[in-house]
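Colleague: My questions concern the predicted model and sequence given below.
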Amino acid sequence: MRRNLAARIGVWSTHHRKTAVLGWLLFVVLATGIGGASGMVEMSTSENGAGDSARAEKILDEAGLGHPAGELVMVSAARPDGWRTAAGELAAALEATGEVRGLADPVVSKDGKEALITFGMKGEAATSADRVQPVLDAVSGVREARTDVEIHQFGEASAGKWLGDLLSEDFRRAEFTAVPLALGILLVAFGAVVAALLPVGLALTACMAAFGLLSLASHQLHLFQTTYSVMFLMGFAVGVDYCLFYLRRERDERAAGRDAETALRIAAATSGRAVLVSGLTVMVAMAGMFLSGLLLFKGFALATIIVVFIAMLGSVTVLPALLSWLGDRIDAGRVPFLNRRGERGTKASGGIVGTVIGPVLAAPKLFALGSVVVLLALAAPALGMKTEQLGLEKQFGSRSPLATAHRAISESFPGGPDPARVVVRADDIGAPEIRTALGTFDRVTVHTAQDIAEIEVPLPHGEDDLAELRENRVPDAFDGTGAEAYVTGELASSTDFNDQLKRGIVPVFAFITTVTFLLMLFCFRSYVIAVTSILLNLLSVAAAYGVMTAVFQHGWGAGLIGSEGVGAIESWMPLFVLVVLFGLSMDYHVFVVSRIREARDSGLDTRAAIDMGIRRTAGAVTGAAAIMVAVFAVFGTLSMQDMQQMGVGLAVAVLLDATVVRMVLLPSVMALLGERNWRVPRMLSRLPSLEHSEAVTTDTTDTTGAEPVQAGSRG
């Protein structure tokens, strides 16, 4: 009897279960311990950027001139000059902290009612949030004592402190919410405590090991601060799903009367194989992010590849070992009235899906057209999608203290909170022609020893002023002087980042579509299935883009989830969602199509095989989708706008993918294609077949009462 790789791994694990289980535990402990001891290295500002803004930041980093964390404090009074006493008290309180430098005289607004105090934090900007608390206390003390004025503070250190505290609270809430939600869904799916705990336990240990390995890797490839959150989001959802697919098939085979060893072997050869193919597809899709040209996406790619690989490894090794050891104890802790599946055998119709699949196969053209129309309607808002690097004032909502302060300062001092910075490097910064060029600007700081100058330029009109600065003012001043001059700052960095994303998305898209096509072609030996896989994925992605744009750019229904429209989508989100959904959708696609192919290989015609495959996978796909949607939705409730966008976008996409796409559009399209689904390209006709079923007698009785047939591989 031939066995595929997954079957061989599963059989080995069941025969060496102590080695498999102890080896897994040792691996998790070592990876977690060593990684935790090494710590994570975050990327610098220049590493996270692109274009001229990144070049400017790199010049400052190489010269040891990393700018201090800047802070702004605005004092507003009801009458002109009514702020002076409070401003004097603020200056004294700030100086007393010993943490500030460069405390400048107040800048007065046009009407004389507002004053802006600027200063920098001592020490490195990267660690300023850890030292800013005395400064925050000093400002709060004056604010409480002086009720005749309003005081607003905004800056890198204060925002970083607020952000760090909020993220810690958010992610603790996410972790403590996601795990119980997954457990509850698994309890409903399996009706037994042990069966529910097993996937969650394996997924959590996979995430722990991945955290450790990623920390080690961060010393070579520096990471963005939210990379760990992305890893947990992906790792937990995928880890639970892989275990669920495997465990559900094993229980189905036991319910059909198989002995424990045969049931495990069939589960390994079928669901185990689907897990390997799905995991490989996800990892390869994630690798496409390395082509983006941005370190942010390289970190995301590395994190997701590591966690998916570990989750996949655990699902095909330690899971069959544990199932072999537990035996019938997997059903321990039965919950009354939940999932009496085992008593009904395997003739379950798939619930709602079982009711829907009949009409879908009876009128495939109608349902295919209807599904496409629904998905395209949802995708329509994406035609007007606008992307930008969301500033902290947009990340936390218009009512947050941070956004309120930024808005108040911007209204009174346009361009004040987010000025551009021109970084100039020359062989001799004191040369006459360089001094003349610098003299055309107002706020200039010269670092003579490093032959570098920094120029601060307010941007009251945003992008228009930035374009004027880059295209005219800087070239007019420095062309012919031999100096390098680059513009950086929040707006410049966002513009450069978006430009790089636009250039990078083409090779990334080409890579993942090509690789997905080749993997599906080799896996199913059918170019029709390979092409339809890509088209269905693109519809899911487009629908997700449309929903994200409608909710978070235009604000349609944003209040229902405690969010608001901010006029744009986070710049890294479209590329990230494209790659993640292309990978994750393979979970369901490979699992469902493998079961359809298995039924066809057993002797059924294509339409009957579609009916059986959809019915038999409905429970597992529904449970897996419910877990992914729940986990992603939890991230949609966090405080940061980009986490909300990611969570809601992925949750909606997975929900649509597992329902409209996999349970309606996929079977209707496959029914329309008929036997053309299985056309083998001539170039692949001589390659060995990848079996979609175990060569044993399996019960393929459909819900209409057809006779059982022999299961085997027909290539």
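Modeller: Noted; the coordinates are in hand.

Colleague: Could you report the neighbour count for residue 614?
Modeller: 27 (other C-beta atoms under 10 Å). No exception for glycine: its C-beta is placed from N, CA and C like everyone else's.

Colleague: Which helix or strand contains the spatially closest residue to residue 84 that is not a sequence neighbour?
Modeller: Once flanking residues are discounted, residue 84 sits nearest to residue 115: 7.6 Å by C-beta to C-beta, 6 or more residues apart in numbering. Using DSSP states H and E, residue 115 falls within strand 114-121.

Colleague: Can you give the strand pairings for that strand, parallel or anti for each?
Modeller: Strand 114-121 sits in its sheet next to strand 70-76 (antiparallel), strand 100-101 (antiparallel), strand 107-108 (antiparallel), going by DSSP bridges.

Colleague: Quick one: mean pLDDT for it?
Modeller: Averaged over strand 114-121, pLDDT sits at 89.

Colleague: Stretch 163-183 now?
Modeller: Average pLDDT, stretch 163-183: 78.

Colleague: List the buried residues of that stretch.
Modeller: Using 16 or more other C-beta atoms under 10 Å as the burial criterion, the residues of stretch 163-183 that qualify are 163, 166, 167, 170, 171, 174, 177, 178, 179, 181, 182, 183.

Colleague: Could you list the alpha-carbon positions for stretch 432-441 in CSV?
Modeller: Coordinates of the C-alpha atoms in stretch 432-441 are reproduced here as CSV (Å, rounded to 0.1, in the frame of the first residue of the first chain):
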residue,chain,number,x,y,z
PRO,A,432,30.3,79.7,1.3
GLU,A,433,27.9,78.2,-1.3
ILE,A,434,26.4,75.9,1.4
ARG,A,435,26.0,78.7,3.9
THR,A,436,24.2,80.7,1.2
ALA,A,437,21.9,77.8,0.5
LEU,A,438,21.1,77.3,4.2
GLY,A,439,20.4,81.0,4.5
THR,A,440,17.3,80.6,2.4
PHE,A,441,15.7,78.6,5.2
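
Colleague: can you list the residues that contact it?
Modeller: Applying C-beta atoms under 8 Å, 6 or more residues apart in numbering, the contact partners of stretch 432-441 are 422, 424, 426, 428, 444, 446, 453, 455, 457, 473, 477-478, 480-481, 483.

Colleague: Tell me which residues of that stretch come out buried.
Modeller: Neighbour counts over stretch 432-441 (16+ other C-beta under 10 Å) mark 434, 437, 438, 441 as buried.

Colleague: Let me see the confidence value for the third one.
Modeller: It stands for residue 438. Model confidence at residue 438 (pLDDT) stands at 90.

Colleague: now do residue 34
Modeller: Confidence score, pLDDT, at residue 34: 91.

Colleague: same thing with residue 459?
Modeller: On the pLDDT scale, residue 459 gets 83.

Colleague: quick check, it in a helix?
Modeller: No. Residue 459: not assigned to a helix; according to DSSP: H, G, I helix; E, B strand; the rest coil it is coil.

Colleague: Ramachandran angles for it?
Modeller: phi -120, psi 70 (degrees, to the nearest 10).

Colleague: now swap in residue 486 and tell me
Modeller: phi -130, psi 150.

Colleague: That one: neighbouring residues, count only.
Modeller: Residue 486: 22 surrounding residues under other C-beta under 10 Å.

Colleague: Which is the succeeding secondary structure element to the least confident helix or strand in the chain by mean pLDDT?
Modeller: Using mean pLDDT, DSSP states H and E, the weakest-scoring helix or strand in the chain turns out to be helix 341-344, at a mean of 45. Per DSSP H and E, the first helix or strand lying C-terminal to helix 341-344 is helix 352-362.

Colleague: now the next helix or strand after that following helix and helix 352-362, what's the angle there?
Modeller: Using DSSP H and E, the helix or strand that follows helix 352-362 towards the C-terminus is helix 364-379. Put simply, helix 364-379 runs at 120 degrees to helix 352-362, going by axes from the mean of the first three to the mean of the last three C-alpha atoms, to 10 degrees.

Colleague: Any regions of the stretch 51-200 of the chain where pLDDT drops low?
Modeller: By pLDDT under 70, the stretch 51-200 of the chain contains no weakly predicted segment.

Colleague: can you give me the helices for the stretch 601-715 of the chain?
Modeller: Ranges of helices within the stretch 601-715 of the chain are 606-635, 641-656, 666-673, based on DSSP state H, counting those that start in this stretch.

Colleague: packing partners for the longest one?
Modeller: Using 3 or more C-beta pairs under 8 Å, 6 or more residues apart in numbering; DSSP states H and E as the contact definition, the elements that helix 606-635 packs against are helix 156-190, helix 227-255, helix 352-362, helix 573-601, helix 641-656, helix 666-673.

Colleague: Might you report the residue contacts of the nearest residue to residue 261 once chain neighbours are set aside?
Modeller: Among residues not flanking residue 261 along the chain, residue 14 sits closest, at 7.2 Å (C-beta to C-beta, 6+ apart). Residue 14 sits next to 261, 264, 320, 321, 323, 324 when contact means C-beta under 8 Å, 6+ apart.

Colleague: Mark which of those residues are buried, thanks.
Modeller: 264, 320, 321, 323, 324.

Colleague: And the pLDDT for the residue nearest to residue 261?
Modeller: 86.

Colleague: how close does it sit to residue 165?
Modeller: 48 Å (C-beta to C-beta, to the nearest Å).

Colleague: next one: residue 421
Modeller: Counting by C-beta to C-beta - residue 421 and residue 165 are separated by 28 Å.

Colleague: All the strands of the stretch 301-450 of the chain, residue numbers only.
Modeller: With DSSP state E, counting those that start in this stretch as the definition, the stretch 301-450 of the chain shows strands at residue ranges 387-388, 420-425, 443-447.

Colleague: and the spatially closest residue to residue 45 that is not a sequence neighbour, what does it touch?
Modeller: The shortest distance from residue 45 to any non-neighbouring residue, by C-beta to C-beta, 6+ apart, is to residue 57 (4.9 Å). By C-beta under 8 Å, 6+ apart, the contact set of residue 57 is 44, 45, 46, 49, 423, 488.

Colleague: Helix or strand for residue 57, just tell me which one.
Modeller: Counting by DSSP H and E, residue 57 is found in helix 51-62.
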